[in-house]
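Peer 1: Below is the sequence, then the predicted model.
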Amino acid sequence: MKDCKQQWWKEAKFGMFIHWGLYALLAGEYNGKKTSNIAEWIMHDLSIPVEEYEKLAARFNPTAFSAQRIVKLAKDTGMKYIVITSKHHDGFAMYKSQCSRYNIVDATPFGRDPIKELAEECEKEGIKLCFYYSQAQDWHDPNGFEEGTDNEGKDFRKYLDEKCIPQLRELLTQYGDIGLIWFDTPMGITYEQSKELKELVHSIQPNCIVSGRIGNDLGDYMSTGDNFIPLLPYEGDWEVPATINNTWGYKKTDLRWKSADKLLRNLVKIVSRGGNYLLNIGPDGEGNVPEESVKVLGQIGEFMRLNGESIYGAHPVPFYPYDIDWGYFTCRKGKIYIHVFDDIEDVYILNIANTPKRAYILADHTPLQVVTRTTCEGDSSWRIAWPEKRMKQIDTVICVEMEEDEPIFEPIR
Ligand code: FHN
């Protein structure tokens, strides 16, 4: 069972992923050819030669980028940490790197270090800054791995020593306290190499978490597959990395934006099963966050402002109802939160033997009556009726308070 040992991460529950790099300029299309895959893979998928892809740097001038706006967006959405691509598989560093001039400060007309700007803003706003770093795949470095190609004959050790390790050192020493390093696609990395990277991170910043995809099951927590939400609670610490449409990097033709309803259901579903939700935005080549993502995140933010208590630091309930079709449950000591997404007449909860002290709608504290009932077979239930008028919400959260020390339990059968 994974235990990342960092209380901030266990309580945060909701983070912002940012995929941003040179690929944002292409927005899914190169020389008239469109990629059918996720946009940040365009170099690989359309076999763009390194010397050609490199030329993008000379055109990359995302002057609309604003660390202040992005951090505010994360904060207003109720997200507690930001994980940004410091180097994705294309090998381009989105920060000032001393060990490779292939970086946003030295190779572009932009000349600014967005990671430094984000670090300053995150520090000011109390958001944890974290870095995505592609440790194994590097399509720019001749010795970095590339999926789907024969990596035979590459000197991966040389890549580790001359790029990966020095860059990780830079990231861990140039930008203050870092919440976590989000490693990805470990491919053929050996157990010893994953261990070496993990030890490197912890030797520089002992409290910095290492993501599940460092490889060889050495992560401090478990990352599920992209957009994969487990059916039942997993033990220990885990996180779902997820897209807001169907790509990570900006792709102008991908307009399949998930609705606020869908994203909120995902968040609540994940928290009700014990995980964290890392939801992505993909700024465009000018540094703008697509309007559609800003809009849905705004709606989630509204929910979080009124109902955050049912999410941050909340746990799964230790009893059955993962498969009710109208909503989900989260809890903390002395409180159960019933998340009602569908339009149901009244809320009927079976197989719960606690005695509620009081119940109310979390968003506006409207009191609710809970009728408890125990049959002669020993089945206990709660029935909660709605008030005559209620605020329209995607997820109406009912908070039921019980005795602080009373565990949540099923009736004896
Ligand atoms: O290949 C990457 C992909 O581009 C993206 O970064 C996602 C995020 O989880 N991780 C890999 C695929 O799982």
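Peer 2: On my side now, so go ahead.

Peer 1: Tell me how many other residues surround the residue in the stretch 301-413 of the chain positioned nearest to the ligand.
Peer 2: Nearest to the ligand in the stretch 301-413 of the chain, going by Cβ to the nearest ligand atom, is Ile311, at a distance of 21.7 Å. (Each C-beta comes from the backbone N, C-alpha and C, glycine too.) Per other Cβ atoms under 10 Å, the neighbour tally for Ile311 reads 24.

Peer 1: With Pro233 instead?
Peer 2: Using other Cβ under 10 Å, Pro233 has 16 other residues around it.

Peer 1: Over to Tyr191?
Peer 2: Neighbourhood size, Tyr191 [other Cβ under 10 Å]: 11.

Peer 1: one step back: surely the residue of the stretch 301-413 of the chain closest to the ligand meets Val271?
Peer 2: Yes: Ile311 lies in contact with Val271 (Cβ atoms under 8 Å); the separation is 5.5 Å.

Peer 1: So for those two, which residues contact both of them?
Peer 2: 13, 330 (Cβ atoms under 8 Å, 6 or more residues apart in numbering).

Peer 1: OK, contacts around Leu197?
Peer 2: Counting by Cβ under 8 Å, 6+ apart, Leu197 has contacts 135, 164-165, 168, 183, 210, 214.

Peer 1: average pLDDT across the lengthiest helix in the chain?
Peer 2: Longest helix in the chain, counting residues (DSSP state H): helix 291-307. For helix 291-307, mean pLDDT rounds to 98.

Peer 1: So which residues make contact with whatever helix or strand comes next after that helix?
Peer 2: Moving toward the C-terminus from helix 291-307, the next helix or strand (DSSP states H and E) is strand 327-332. Identification of contacts with strand 327-332 by Cβ under 8 Å, 6+ apart yields 268-269, 271-272, 310-311, 313-317, 321-322, 336-342, 395, 408.

Peer 1: try stretch 358-368
Peer 2: Contacts of stretch 358-368 (Cβ under 8 Å, 6+ apart): 306-307, 309-310, 337, 369-370, 384-387, 390-391, 393, 396-401.

Peer 1: Repeat that for stretch 249-260.
Peer 2: The contact list for stretch 249-260 (Cβ under 8 Å, 6+ apart) reads 19-21, 23-24, 27-29, 34-35, 38-40, 42, 88, 243-247, 266, 282-285, 290, 292-293, 296, 299-300, 303, 394.

Peer 1: Can I get the buried part of the residues you listed as one PyMOL selection?
Peer 2: To isolate the buried members of the contacts of stretch 249-260 in PyMOL, using 16 or more other Cβ atoms under 10 Å:
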select buried, resi 19+20+21+23+24+27+28+35+38+39+40+42+88+243+244+245+247+266+282+283+284+285+290+293+296+299+300+303+394
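
Peer 1: In helices, which of the contacts of stretch 249-260 appear?
Peer 2: 23-24, 42, 266, 292-293, 296, 299-300, 303.

Peer 1: gap between Gly215 and Leu197?
Peer 2: Applying Cβ to Cβ, to the nearest Å, the value for Gly215 to Leu197 is 9 Å.

Peer 1: so what sits against both of the two?
Peer 2: 135, 183.

Peer 1: follow-up on the earlier one: report the buried members of the contacts of strand 327-332.
Peer 2: 268-269, 271-272, 310-311, 314-317, 336-341, 395, 408.
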